[in-house]
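Peer 1: this one's sequence-less:
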């Protein structure tokens with residue numbers, strides 16, 4: 001099967017559509033997603049862990065486009081959410097409430113109330129205070145709240161410090177000693193049902209033993225829960241499976257499964273997984289156009305119409321994203337990140353140059369790549385920023401009063417605009433030149 005993004009005849013395609021055709025229709029910058037990629041990645045996890053029949057709860061935060069959520073809901077996916085808004089999105093897209101988990105360290109009373117009303121599968125509880133608040137709201141509603149305790153196993157995921165969540169210094173989860181106290185409190189509160197144990201140690205993890213170590217850390221605690229007759233059903237192993245941001249990176253999901261499966265089976269619980277980037281990351285690109293080629297005394301700059309407000313990962317994480325022209329004469333056919341990828345130094349061309357690829361925002365941190373060797377480019381050319389399906393549109397902002405780009409979903413030979421480009425009028429909606437009501441201080 002052809003990969004979602006591939007070059008054919010020297011031109012970049014998403015599934016069966018040349019991306020330049022989409023750019024002509026919707027303009028740039030824009031995000032283009034392969035629906036097939038999202039659905040296939042969900043299935044890849046199901047296949048890899050089929051021995052424990054996993055519930056795959058896609059992490060909405062990585063890409064929350066309703067059209068994509070709907071496609072995954074129809075494919076049987078559940079959803080990992082971290083706000084009332086994400087729960088609403090998932091339900092609006094057709095999710096089954098009983099396949100939604102609600103995580104996050106700062107759940108507010110209104111959000112907890114809403115989640116209980118909808119009948120979600122469970123809350124991933126991250127502190128003693130949250131436990132008390134959920135209990136209080138559930139008691140008032142005269143219902144039993146389904147919960148999982150999120151354990152912080154103090155395992156180093158060996159990833160960027162901003163996306164590490166499983167070390168003792170991180171704000172996430174409950175350490176094992178405090179978790180013992182939580183068990184006693186759950187028993188006292190009566191109206192909480194402990195359905196699962198949850199761990200999530202970080203994102204973009206490229207070593208397949210990290211998850212296994214985390215599961216090992218919680219297995220004795222699971223046994224303790226069983227001895228205390230808590231009705232555990234689920235071991236939620238989180239997500240974080242790393243993807244290829246450059247040719248040759250990434251880990252096959254079956255390699256994670258080889259390590260994790262025996263340990264999950266040892267727990268005797270059903271598996272829940274919360275992948276986000278693994279599903280969405282390489283399912284999307286951001287297209288941008290070269291406005292100017294600028295030479296300075298020391299550097300050559302490609303100034304493009306996309307900016308840090310459209311894709312902030314390079315700025316805040318110093319993240320690498322593969323960048324390449326949408327069209328390049330003589331480029332061999334092949335998938336972007338596959339073994340046959342044409343995006344290698346050997347195909348840069350004899351006129352290759354080193355550029356800083358930067359946007360028009362008034363910040364020196366507004367860049368997509370620094371000192372990047374690329375085929376020689378000219379003003380007006382289209383550039384693809386790859387692996388932008390995760391944390392591109394969802395982290396986008398309106399800095400410099402810039403509208404967010406259109407989001408387009410490709411499905412085989414068809415495509416559709418799944419989110420319109422924001423206009424200036426969209427950006428000032430809700431603002432006022434004069435007061436509607438004046439409050440006394």
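Peer 2: That came through, no problem. Being a predicted model, the structure only gives us computed values, none of them experimental.
Peer 1: Now residue 114. Nearest residue, chain neighbours left out?
Peer 2: Closest residue in space to residue 114, ignoring its immediate chain neighbours: residue 84 at 5.0 Å, by C-beta to C-beta, 6 or more residues apart in numbering. From N, CA and C alone the C-beta is placed, and that goes for glycine too.
Peer 1: Pop out the phi and psi values for the one you found.
Peer 2: In terms of degrees, to the nearest 10, the main-chain angles of residue 84 are phi -60, psi -40.
Peer 1: need the helices for the stretch 251-400 of the chain, in chain order.
Peer 2: 253-267, 277-280, 313-317 (DSSP state H, counting those that start in this stretch).
Peer 1: Show me where the stretch 1-150 of the chain dips below the pLDDT cut-off.
Peer 2: Along the stretch 1-150 of the chain, the model assigns pLDDT under 70 to residues 1-2.
Peer 1: do the same with the stretch 301-441 of the chain
Peer 2: For the stretch 301-441 of the chain (pLDDT under 70), the answer is none.
Peer 1: the strands in it, which residues?
Peer 2: For the stretch 301-441 of the chain, the strands defined by DSSP state E, counting those that start in this stretch cover 323-325, 334-335, 353-358, 367-374, 382-385, 406-411, 414-419.
Peer 1: orientation of the strand ranked longest in the chain relative to strand 353-358 in degrees?
Peer 2: Longest strand in the chain by number of residues (criterion: DSSP state E): strand 284-295. Relative orientation of strand 284-295 versus strand 353-358 (axes from the mean of the first three to the mean of the last three C-alpha atoms, to 10 degrees): 110 degrees.
Peer 1: buried residues in strand 284-295?
Peer 2: Judged by neighbour count (16 or more other C-beta atoms under 10 Å), strand 284-295 contains these buried residues: 284-290, 293.
Peer 1: Summarise which helices and strands that strand is packed against.
Peer 2: helix 19-26, strand 30-34, strand 300-304, strand 382-385 (3 or more C-beta pairs under 8 Å, 6 or more residues apart in numbering; DSSP states H and E).
Peer 1: now what about the shortest one, what contacts it?
Peer 2: Spelled out, that is strand 382-385. For strand 382-385, contacts defined as C-beta atoms under 8 Å, 6 or more residues apart in numbering pick out 5, 12, 19-20, 23, 28, 285-290, 302, 304, 306, 311, 321-327, 357, 368, 377.
Peer 1: go with 7 Å
Peer 2: 12, 19-20, 23, 285-290, 304, 311, 321, 323-326, 368 (C-beta atoms under 7 Å, 6 or more residues apart in numbering).
Peer 1: The longest one now?
Peer 2: Outside helix 19-26, the residues within contact range by C-beta under 7 Å, 6+ apart are 11-13, 30, 32, 287, 326-327, 382, 384, 406, 408, 415, 417, 421.
Peer 1: pLDDT of the longest strand of the chain, averaged?
Peer 2: Per-residue pLDDT over strand 284-295 has a mean of 97.
Peer 1: Quick one: work out the angle between that strand and strand 367-374.
Peer 2: 70 degrees.
Peer 1: Next, the angle strand 406-411 makes with strand 284-295.
Peer 2: Going by the same axes, to 10 degrees, strand 284-295 makes 130 degrees with strand 406-411.
Peer 1: Pull the residues that contact strand 284-295.
Peer 2: Contacts for strand 284-295 (C-beta under 7 Å, 6+ apart): 5, 19, 23, 28-33, 63, 301-306, 310-311, 326, 377-386, 388-389, 392.
Peer 1: One more: stretch 271-282?
Peer 2: Identification of contacts with stretch 271-282 by C-beta under 7 Å, 6+ apart yields 4, 37-38, 41-42, 45, 49, 52, 54-59, 61-63, 80, 101, 196, 200, 203-204, 234-239, 241, 243-244, 264, 337, 387, 389-390.
Peer 1: Residue 71 versus residue 352, what's the distance?
Peer 2: 38 Å (C-beta to C-beta, to the nearest Å).
Peer 1: between the two, which one's more packed in?
Peer 2: Neighbour count, other C-beta atoms under 10 Å: between residue 352 and residue 71, residue 71 has more, with 21 against 13.
Peer 1: tell me the contacts of the nearest residue to residue 61 once chain neighbours are set aside?
Peer 2: Spatial nearest neighbour of residue 61, chain neighbours left out: residue 82 (5.7 Å); criterion: C-beta to C-beta, 6+ apart. By C-beta under 7 Å, 6+ apart, the contact list for residue 82 reads 61, 103-104.
Peer 1: now the residues you listed in CSV, with neighbour count?
Peer 2: CSV is the format used below for the contacts of residue 82 (neighbours: other C-beta atoms under 10 Å):
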residue, neighbour count
61, 20
103, 27
104, 19
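Peer 1: related to what we said a few turns ago, so which of the contacts of stretch 271-282 are in helices?
Peer 2: 37-38, 41-42, 45, 264 (DSSP state H).
Peer 1: Same list, those residues, but as a markdown table with neighbour count please.
Peer 2: Shown next, in a markdown table, are the ones in helices among the contacts of stretch 271-282 (neighbours: other C-beta under 10 Å):
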| residue | neighbour count |
| --- | --- |
| 37 | 23 |
| 38 | 26 |
| 41 | 27 |
| 42 | 22 |
| 45 | 23 |
| 264 | 23 |
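Peer 1: What about the nearest residue to residue 426 once chain neighbours are set aside, how many residues nearby?
Peer 2: In this structure, residue 426 finds its nearest non-sequential neighbour in residue 403, 6.4 Å apart by C-beta to C-beta, 6+ apart. Using other C-beta under 10 Å, the number of residues around residue 403 comes to 18.
Peer 1: who touches residue 403 in this structure?
Peer 2: Contacts for residue 403 (C-beta under 7 Å, 6+ apart) come out as 421-424, 426-427.
Peer 1: Look up phi and psi at it.
Peer 2: Here residue 403 shows phi and psi, under degrees, to the nearest 10, equal to phi -70, psi 140.
Peer 1: Could you report the separation of it from residue 286?
Peer 2: 14 Å.
Peer 1: What of residue 426?
Peer 2: Separation of residue 426 from residue 286 (C-beta to C-beta) stands at 19 Å.
Peer 1: repeat for residue 347
Peer 2: Relative to residue 286, residue 347 is positioned 21 Å away (C-beta to C-beta).
Peer 1: Work out the gap between the helix or strand containing residue 73 and the centre of the chain.
Peer 2: Assessed by DSSP states H and E, residue 73 sits inside helix 66-74. The chain centroid and the centroid of helix 66-74 are separated by 14 Å under C-alpha atoms, centre = their mean, to the nearest Å.
Peer 1: Show me what counts as buried in it.
Peer 2: For helix 66-74, the neighbour count (16+ other C-beta under 10 Å) marks 67-73 as buried.
Peer 1: rewinding a little: relative to residue 191, which of the strands of the stretch 301-441 of the chain is closest?
Peer 2: Nearest to residue 191 among the strands of the stretch 301-441 of the chain is strand 414-419 (40.1 Å), distances taken as C-beta to C-beta.
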